[in-house]
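Q: okay, here's the prediction I keep looking at, along with the sequence it came from:
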Amino acid sequence: MLLVQIFKTSVRWQGQTNGMCLVGSRTSGPSLRSDPATRPRDMKKKCVPLALPVQCKYTSNRVRHWQSQWHTERVIKDKLLNGLLSLIFSLSVLVASTSPVFSAESVTVANSDQLAAALGNAKPGTHIVLQPGNYQGGIFAANVTGTEKQPIVVEAADVKRPPVILGGNVGLHLADCKYVEIKNLVIRSARGNGVNIDDGGTFATPSHHITLNGLTIEDIGPNGNRDGIKLSGVDDFVVKNCTVKRWGNRGSAIDMVGCHQGEIVGCTFQYGDETGNSGVQTKGGSRGIRIHHCRFNHAGQRAVNIGGNTDLEYFRPEPLGYEAKDITVSDCTFVGSISPIAFVGVDGASVRHNTFYRPTKWVFRILQESTSSRFFPCRNGRFEKNIVVFQFGKIRAAVNIGPGTQPKSFRSAGNYWYCDDNPSRSQLSISISNRQEVFGVDPQFQNVKRGDFRLKSGSPARIIGPRPATK
């Protein structure tokens, strides 16, 4: 802004003398007037150019004095202006190399130090824009706080050339944050977790209203309990349109501990059938999580682990008898995995309108891994209106039931079961209460070889399986 003001001032000052000449009035001495060719007619009679002979000696002396003074002042002003502009330019180059570039509520950053500084200084409504390039992982910020109407947004300047947060123990770690949205970044090769959002250990004040949108997270760990996205003590969150590939071999693509009222939508998870514990996991007292319209391509041994086994001190806010409650998995497509779905220490969960293609051992499991007397046995699960396509040589039972559970509280209803390598073997044993199951009818996918599991228009299962996403 200073440069612009100086430029305007310079132009205005120069314009006052450009194309002008000094004229002398026969009655009032010299004054600054426009060129004779352009001045008003009434002025032509009153003023004459200085180039014409002037008879008044007193007036001529004043003109010469004024010309000398004007020339000296102009030289001084030119030198001062040039020196000031040079100084400002030098300072701007120095500052730009070490600091984010601010403009109103927006700040542009080009390295990890600038990003950390921008996060630390962010106010409600701040928009942090990352230039393309590599950013060193290990970026941490706490208490980044926006508002409902003025969230803090962190996003790529160019979605076609997204910035890459590379390496570090944790790629990006935010603690005790509120109303923050992170968009269109790549997080790669973190040794621990890719993205870590938590409550900073203050269980009574969870992070909340966090949105992760369009992130690509890959090659995390690779060994141990390392997660693509780790959410601990986060409420009212959304993870959408994200891709997570190759997380820790004993970790999860998304691991939630004590999270509430969250949504995971439009995401893709990919690793291996026997590598990576789980794709998405909700545990530690998590409640009210909806997972829908996602794609799980060989997304770990358990593609979705509803529940888990959490140490008591990590439950948020405290153990209430369940690992997970009121969890919904709907309108997703699962390819592979030893068991695409596992109900583990659950008190109420629903799996409906999904497609499962060629799981390698079971379709779902009912387990109890938290053995403390403070927990209810795993109970109240629903498996409804799903399409299950399997190979007879790999699947012999639809459900695996572990000890310490309440399988009688589970229900299966209205599912399509089809053995694509031997349709006559489609009727699996379903060892829980079930009704209106359909066996041996080809659901008619569009193009399995290309991974297109949408149903053809004439499919008999068109009212079953995933429904189109709605805005």
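A: Done, it's in.
Q: okay, now the domains of this protein?
A: 2-96, 103-455 (automatic domain parsing).
Q: can you say which of those is packed in most?
A: Greatest average neighbour count among these goes to domain 103-455 (a mean of 20), per mean count of other CB atoms under 10 Å. Heads up, the C-betas are built off the backbone N, CA and C, glycines and all.
Q: show me what contacts Gly272?
A: Taking CB atoms under 8 Å, 6 or more residues apart in numbering, we find Gly272 in contact with His298, Gly300.
Q: from Glu437, how far off is it?
A: Computed with CB to CB, to the nearest Å, the distance linking Gly272 and Glu437 is 30 Å.
Q: before we move on, back to that, mind putting the domains of the chain into CSV with mean pLDDT?
A: Written out in CSV, the entries for the domains of the chain read as follows (pLDDT from 0 to 100):
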stretch, mean pLDDT
domain 2-96, 48
domain 103-455, 96
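Q: now the ones you listed as TSV including distance to Arg462?
A: As requested, the domains of the chain are exported to TSV (distance: least, CB to CB, whole Å):
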stretch	distance to Arg462
domain 2-96	58
domain 103-455	5
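Q: of those, which is nearest Pro466?
A: For those, proximity to Pro466 was assessed by CB to CB; domain 103-455 is nearest, at 4.2 Å.
Q: gap between that closest one and the chain center?
A: Its chain's C-alpha centre and that of domain 103-455 lie 15 Å apart, by CA atoms, centre = their mean, to the nearest Å.
Q: who wins for proximity to Thr470 among the domains of the chain?
A: The nearest among those, by CB to CB, is domain 103-455 at 9.4 Å.
Q: quote the end-to-end distance of stretch 201-209.
A: With CA to CA, to the nearest Å as the measure, the ends of stretch 201-209 fall 17 Å from one another.
Q: so where do the helices sit in the chain?
A: Here the chain has its helices, by DSSP state H, at 2-15, 41-44, 57-96, 112-121.
Q: now Pro468, what are its backbone angles?
A: Torsion angles at Pro468 (phi, psi; degrees, to the nearest 10) stand at phi -60, psi 150.
Q: since we're on it, how many residues are nearby?
A: For Pro468, the count of nearby residues is 7 (other CB atoms under 10 Å).
Q: confidence score at it?
A: The predicted local confidence for Pro468 comes out at a pLDDT of 93.
Q: numbering from 33 from now on, please.
A: Happy to do that; since the first residue is 33 now, the last one works out to Pro500.
Q: pretty sure Gly446 sits against Ile419.
A: No - counting by CB atoms under 8 Å, Gly446 stays clear of Ile419, with 10.6 Å between them.
Q: now do the shared contacts for the two.
A: Common contacts of Gly446 and Ile419, defined by CB under 8 Å, 6+ apart, comprise Ile496.
Q: report the contact partners of the closest residue to Asn412 other than its chain neighbours.
A: With sequence-adjacent residues excluded and distances taken as CB to CB, 6 or more residues apart in numbering, Asn412 is closest to Gly380, at 4.4 Å. The neighbourhood of Gly380, defined by CB under 8 Å, 6+ apart, consists of Lys357, Asp358, Ile359, Arg411, Asn412, Gly413.
Q: ok, for Leu206, nearest residue in space, not its chain neighbours?
A: Leaving out its chain neighbours, Leu206 is closest to Ile229 (CB to CB, 6+ apart), at 5.2 Å.
Q: verify the stated contact: that neighbour with Leu263.
A: Yes - between Ile229 and Leu263 a contact is recorded at 5.3 Å, counting by CB under 8 Å.
Q: in the sheet, who's paired with Asn245?
A: The bridge-partner assignment for Asn245, based on DSSP bridges, gives Lys215, Lys272.
Q: check contacts around it.
A: Under the criterion of CB under 8 Å, 6+ apart, the neighbours of Asn245 are Glu213, Ile214, Lys215, Asn216, Val270, Lys272, Asn273, Cys274.
Q: and which of the residues you listed is nearest to Gly294?
A: Within these, distances to Gly294 taken as CB to CB reach their minimum at Val270, with 7.1 Å.
Q: is it true that the closest one touches Gly246?
A: No - using CB under 8 Å, Val270 is not in contact with Gly246, being 11.6 Å away.
Q: against Arg428, how distant is Asn228?
A: 40 Å.
Q: meant to ask about Gly413
A: Per CB to CB, Gly413 is found 21 Å from Arg428.
Q: kindly report the same for Asn201.
A: With distances taken as CB to CB, Asn201 is found 43 Å from Arg428.
Q: do the same with Arg334
A: Per CB to CB, Arg334 is found 19 Å from Arg428.
Q: same deal with Arg348?
A: Per CB to CB, Arg348 is found 39 Å from Arg428.
Q: repeat that for Arg406.
A: Using CB to CB, one gets 35 Å for the distance from Arg406 to Arg428.
Q: distance of Val421 relative to Gly169?
A: Here the criterion is CB to CB. By it, Val421 lies 40 Å from Gly169.
Q: what of Gly316?
A: Per CB to CB, Gly316 is found 25 Å from Gly169.
Q: and Gly283, by the same measure?
A: Gly283 is 17 Å from Gly169, where distance means CB to CB.
Q: and for Ile197?
A: Ile197 is 5 Å from Gly169, where distance means CB to CB.
Q: any common contacting residues for these two?
A: Applying CB under 8 Å, 6+ apart, one finds that Ile197 and Gly169 are jointly contacted by Ser144, Gly203, Leu204, Ile219, Ala222.
Q: closest to Gly483 among the residues you listed?
A: Checking the shared contacts of Ile197 and Gly169 one by one against Gly483 (CB to CB), the nearest turns out to be Ile219, at 25.1 Å.
Q: what bridges to that closest one?
A: What pairs with Ile219, by the bridge criterion (DSSP bridges), is Ile197, Ile249.
Q: and what of Val421?
A: Beta bridges link Val421 to Tyr389, Tyr450 when assigned by DSSP bridges.
Q: now do the same contact list for it.
A: Listed by CB under 8 Å, 6+ apart, the contact set of Val421 reads Thr387, Phe388, Tyr389, Arg390, Tyr450, Cys451, Asp452, Pro475, Phe477.
Q: how about the residues you listed in JSON lines, adding distance to Ala150?
A: As requested, these are exported to JSON lines (distance: CB to CB, whole Å):
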{"residue": "Thr387", "distance to Ala150": "42"}
{"residue": "Phe388", "distance to Ala150": "44"}
{"residue": "Tyr389", "distance to Ala150": "44"}
{"residue": "Arg390", "distance to Ala150": "46"}
{"residue": "Tyr450", "distance to Ala150": "53"}
{"residue": "Cys451", "distance to Ala150": "56"}
{"residue": "Asp452", "distance to Ala150": "53"}
{"residue": "Pro475", "distance to Ala150": "50"}
{"residue": "Phe477", "distance to Ala150": "47"}
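Q: ends of stretch 139-146, what's the gap?
A: Start to finish, the residues bounding stretch 139-146 are 10 Å apart (CA to CA).
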